[in-house]
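# just need the structure, nothing else, for what follows:
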Amino acid sequence: MHFQLEVAPFKLNIQTTIPLVIDNLRKLYPPQLLTSVDDNSLADYDVSIDYSGLVRKYIKPQCSFKFDQFEPFLGLPIGHAYANLEWGMNYVIASNIFNYLIIHSGIVAKNNKAILFPAPPGSGKSTLTAYLQGQTSWRLLSDEMALIDPETLEAIPFVRPICLKNRSGQLVQQWFPDVAVSTIAGNTHKGDVVHVSPSKFSWEQRKTRAEIKSVVFPRYDPDVELEVYALTKTQAFMQLAENAFNFSLLGVEGFETIIQIIEKVDCYEIVYNDVKEVEKFLDEEVLFES
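Numbering: from 1, shown residues only. Next comes the predicted model:
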């Protein structure tokens, strides 16, 4: 089947015959964003996720992701097909977008004031992002890639299902029992992975830009209550640059964009074991307007 998926600010054509992929797409994306199309429909990018050849459809089934007929990854077990598609879409955007600075970061907003959570895998940024976007007045912009307009320094929403690993998926389902959740991709290189659909408010505001209010580098530690450290401009610049996908490719523009963000907002490093304490800190110390 051929679908067109609108994930503002992009449109992707997706070709697949794998039932697991089709079912998860329909489950996690609003129906108005996922439409059946023919294979000649225009989009920003054309991708496919399908069986790795006829034999692999029946014997130890595998799936392959392709972008414009290029296969950037090795084949994966068929149970990983939907996760493979979502990871593949991340790859396509991160590899081909040069009009935005792209930061490996969760990003949420409240009252159109955005908080960036740049961090490496395993830091708890996606769990924290998933929790916040489900709270009143908060919304998701992305759990994986913050898109920053170099001209305005605004955060561009890129709303898609949130990727959660291992126990994080169970936690989110406890917090939000009615949330739509994908099938489990077990034993991936990231562990057991599920994708969860963002809040209704996040989908509704998927085209609304937000002003960057703060940059917060999170790290989850089950043995540490909330600790907050204010970063110097130099410390914040180095950490933010390390988490930027296309910083070097943008050259001077990328450098100046990060400098302008750092000069404009306060930056923190936090260690936490309770997402509610982080929300309280953000509300009372970061988003508070005197």
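# which helices and strands sit right next to the lowest-mean-pLDDT helix or strand in the chain?
Of all the helices and strands that make up the chain, helix 247-250 has the lowest average by mean pLDDT, DSSP states H and E, namely a mean of 82. Counting contacts by 3 or more C-beta pairs under 8 Å, 6 or more residues apart in numbering; DSSP states H and E, the secondary-structure elements packed against helix 247-250 are helix 252-264. Where you see a C-beta, it was placed from the backbone N, CA and C, and this is true even at glycine.
# report the buried residues of the helix it packs on.
By 16 or more other C-beta atoms under 10 Å, the buried positions in helix 252-264 come out as 254-255, 257-258, 261-262.
# sheet-wise, list the partners of the next helix or strand after that helix with their directions.
Using DSSP states H and E, the helix or strand that directly follows helix 252-264 along the chain is strand 266-272. Take DSSP bridges as the rule and strand 266-272 pairs in its sheet with strand 210-220 (parallel), strand 227-230 (antiparallel).
# quick one, strands of the stretch 1-150 of the chain?
Read by DSSP state E, counting those that start in this stretch, the stretch 1-150 of the chain holds these strands, from start to end of the chain: 2-7, 10-15, 34-36, 45-51, 62-67, 76-77, 101-110, 113-118, 138-142, 145-148.
# just to revisit the earlier point, the least confident helix or strand of the chain: which residues count as buried?
Neighbour-count burial for helix 247-250 flags 247, 250 (criterion: 16+ other C-beta under 10 Å).
# stretch 31-39 too?
Using 16+ other C-beta under 10 Å as the burial criterion, the residues of stretch 31-39 that qualify are 33-34, 37.
# got the contact list for the nearest residue to Val7 once chain neighbours are set aside?
If the residues on either side of it in the chain are set aside, Val7 comes closest to Arg160, at 5.5 Å by C-beta to C-beta, 6 or more residues apart in numbering. Residues touching Arg160, when contacts are defined by C-beta atoms under 8 Å, 6 or more residues apart in numbering, comprise 7, 86, 89, 142-144, 198.
# likewise Pro218?
Going by C-beta under 8 Å, 6+ apart, the list of residues near Pro218 reads 117, 119, 123-125, 128, 270-272, 278.
# okay, and the beta partners of the spatially closest residue to Asn243 that is not a sequence neighbour?
Excluding its sequence neighbours, the residue lying closest to Asn243 (C-beta to C-beta, 6+ apart) is Pro118, at 3.9 Å. Counting by DSSP bridges, Pro118 is bridged to Ser105.
# ok, then the element right after the helix or strand Gln174 falls within?
Assigned by DSSP H and E, Gln174 belongs to helix 167-175. If you walk from helix 167-175 toward the C-terminus, the next helix or strand you reach (DSSP H and E) is strand 185-188.
# buried residues, that next one. List them.
The neighbour-count criterion (16+ other C-beta under 10 Å) identifies 185, 188 as the buried residues of strand 185-188.
# hang on, the earlier thing: just the element for the residue nearest to Val7, please.
Assigning secondary structure by DSSP H and E places Arg160 outside every helix and strand.
# ok, it to Ser52 distance?
In this structure, Arg160 lies at 24 Å from Ser52, with C-beta to C-beta, to the nearest Å as the measure.
# and for Thr136?
45 Å.
# related to what we said a few turns ago, and the buried residues of stretch 31-39, which is closest to Phe65?
Leu34 (17.8 Å; C-beta to C-beta).
# surely the closest one and Met1 touch.
No - under the contact definition of C-beta atoms under 8 Å, Leu34 does not touch Met1, with a separation of 10.7 Å.
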